[in-house]
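The sequence and its predicted three-dimensional model are supplied below.
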Amino acid sequence: MQMRAERTSVNRRWGKHLWHVVGAILAAILLLWSPAIGQERVKSPAMVVHLDGVIGPASADYLSRALDKAADHKAPLVIVRLDTPGGLDTSMRAMIRDIFASSVPVATYVSPSGARAASAGAFLLYASHIAAMAPGTNVGAATPVQIGGLPGPGNEPPKPTSQEKEKAEAPHSAMDAKAVNDATAYIRSLAELRGRNGDWAEKAVREAASLSASAALKQQVIDIEAKNVQDLLTQLDGRTVIVAGQRIRLATRGLAVEEIRPDWRTELLSAITNPNVALILMMVGVYGLIFEFMNPGFFAPGTIGAICLLTGLYALAALPVNFAGIALIALGIGLLIAEVYTASFGTLGLGSAIAFLLGATLLIDTDIPEFRISRSAMASVSALSLLLAFLGARLALLSRRHRIVSGREEMIGLRGVVDDWGSGAGHVLAHGERWKAIGPETLGKGRDVRVTALHGLTLHVEPDPPATGG
């Protein structure tokens with residue numbers, strides 16, 4: 001009986017220890033699973049970025065910061081809603097580099113109906129991990145703009161003959177061929193990287209070909225044709241994409257979306273990178289600094305001018321500028337400054353206006369209409385330069401007719417009164433000061449005199465007869 005009791009006691013003790021061990025294991029498992037359970041319950045939303053209009057430096061900055069934000073929030077997907085006629089090659093390539101470097105899958109979605117992914121937009125579509133389009137959209141026309149561009153309304157060329165077509169297929173110059181071949185190789189490399197139709201991509205560059213959404217899906221130019229964002233997320237669910245060298249299986253069904261709208265910084269950058277605004281800012285800066293140098297101590301023109309000048313230069317640095325245009329504008333600024341300080345009677349000012357006009361014409365090195373300086377801006381800058389030149393010439397002419405009122409020359413012809421005199425020398429009170437003077441021996445104290453010359457600090461004077469009335 002005693003041994004049986006001892007065994008029962010030992011079994012009870014081992015049972016208690018076993019339950020303690022099992023409880024600890026269960027608690028550890030719960031602790032390990034709880035973060036995963038929490039993550040499954042609360043999924044990060046997909047980020048939606050809106051790229052509307054011409055692609056430029058502001059668009060590149062906007063997409064770069066949106067991708068960084070998506071990476072920081074561990075978003076499962078970034079959807080780029082695209083509607084663009086094209087844009088700058090430099091900005092497009094910067095955006096493609098950001099897509100390649102992104103740790104978050106990027107789905108470029110051409111929408112809504114009526115939108116397009118033309119020119120640079122076609123490159124962005126090919127570069128994305130997922131390419132999608134909404135019904136009623138189109139993609140293509142990726143020929144470099146400098147070679148031809150799209151005809152404007154009312155300027156459509158006549159239909160070419162077969163011989164003209166053969167000639168048109170060949171680039172018109174070595175520079176054109178270089179641009180076409182570079183763009184073709186680039187978009188084909190994007191197609192090979194994403195497993196899309198490279199032959200049609202080359203056709204889009206060489207022949208400016210375009211496709212509708214359904215045709216693009218059939219020819220494997222895009223991956224999905226979706227009616228809206230939710231439809232896109234549903235079709236993406238379960239697909240596998242390669243992001244930063246790793247295979248990622250997308251789980252997007254029922255995923256919430258968060259829109260990233262352009263903030264004030266993007267809007268400001270978009271405004272100042274308009275070539276017309278950049279040119280006006282730079283000229284306002286130059287005129288402000290000139291006015292400050294002419295009127296030292298006023299501060300406001302110099303402060304505003306410096307801010308405008310630096311802002312304009314920053315905007316021009318972000319744009320494809322022609323150095324000949326910059327040189328002509330710099331020459332115009334120099335001639336304008338010389339006109340202010342030199343009495344050229346408008347000659348330098350006229351040269352400044354011509355230099356500004358030619359410089360503004362050559363300043364932006366692109367044929368994209370949205371990034372060219374308008375004629376009204378050119379005319380305004382040139383007219384302002386001519387106005388300043390006219391004012392400078394008018395002031396120069398008026399100054400020759402007026403008596404000098406400052407400096408040594410002011411003393412010539414000035415009237416004074418003899419303070420003391422003897423042996424042809426003495427002191428004269430003139431201009432509120434007591435001057436040493438020489439002159440005729442017959443002068444006496446209190447006599448009115450007139451200054452005829454100034455040598456050093458000594459006045460040469462002669463008697464000033466009193467004015468006679470009639």
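It's in.

And for Gln235, the neighbour number?
A count of nearby residues for Gln235, using other CB atoms under 10 Å, gives 18. The C-beta positions use only the backbone N, C-alpha and C, and glycine is treated the same way.

Check which helix or strand it maps to.
Assignment of secondary structure by DSSP states H and E places Gln235 within helix 229-236.

next helix or strand past that helix?
strand 240-243.

part of a strand, is Arg434?
Yes: checked against DSSP: H, G, I helix; E, B strand; the rest coil, Arg434 lies within a strand.

residue contacts, it?
By CB atoms under 8 Å, 6 or more residues apart in numbering, the contact set of Arg434 is 419, 427-428.

tell me which of the residues you listed is nearest to Ala179?
Val428 (79.9 Å; CB to CB).

Name all residues that make contact with the closest one.
Taking CB under 8 Å, 6+ apart, we find Val428 in contact with 416-419, 434-435, 437, 449, 459, 461.

Can you tell me which of the contacts of Arg434 is nearest Ser212?
Closest to Ser212, out of all of the contacts of Arg434 and judged by CB to CB, is Val428, at 96.6 Å.

and the helix or strand hosting the closest one, C-alpha only, in CSV?
Using DSSP H and E, Val428 sits in strand 425-430. What follows is strand 425-430, C-alpha atoms only, in CSV (Å, rounded to 0.1, in the frame of the first residue of the first chain):
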residue,chain,number,x,y,z
ALA,A,425,43.3,134.4,-53.0
GLY,A,426,41.0,133.7,-50.1
HIS,A,427,38.0,131.7,-49.1
VAL,A,428,34.5,131.4,-50.6
LEU,A,429,31.3,130.1,-49.2
ALA,A,430,29.7,127.8,-51.8
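
So for that strand, mean pLDDT?
The average pLDDT for strand 425-430 rounds to 90.

The closest residue to Ile412 other than its chain neighbours: what secondary structure?
Among residues not flanking Ile412 along the chain, Val451 sits closest, at 6.1 Å (CB to CB, 6 or more residues apart in numbering). Following three-state DSSP, we place Val451 in the strand state.

Kindly report the same for the one 10 residues further on.
Assigned state for Val461: strand (three-state reduction, three-state DSSP).

neighbours around it, how many?
The number of residues packed near Val461 is 27, by other CB under 10 Å.

Across the sheet, point out what pairs with it.
In this entry, Val461 is beta-bridged to Val451, by DSSP bridges.

Surely it touches Thr452?
Yes: counting by CB atoms under 8 Å, Val461 touches Thr452, with 6.6 Å between them.

Please confirm that Met92 is located within a helix.
Yes: with three-state DSSP as the criterion, Met92 is assigned to a helix.

OK, contacts around it?
Here Met92 is in contact with 55, 120, 123-124 (criterion: CB under 8 Å, 6+ apart).

how close does it sit to Gly86?
8 Å (CB to CB, to the nearest Å).
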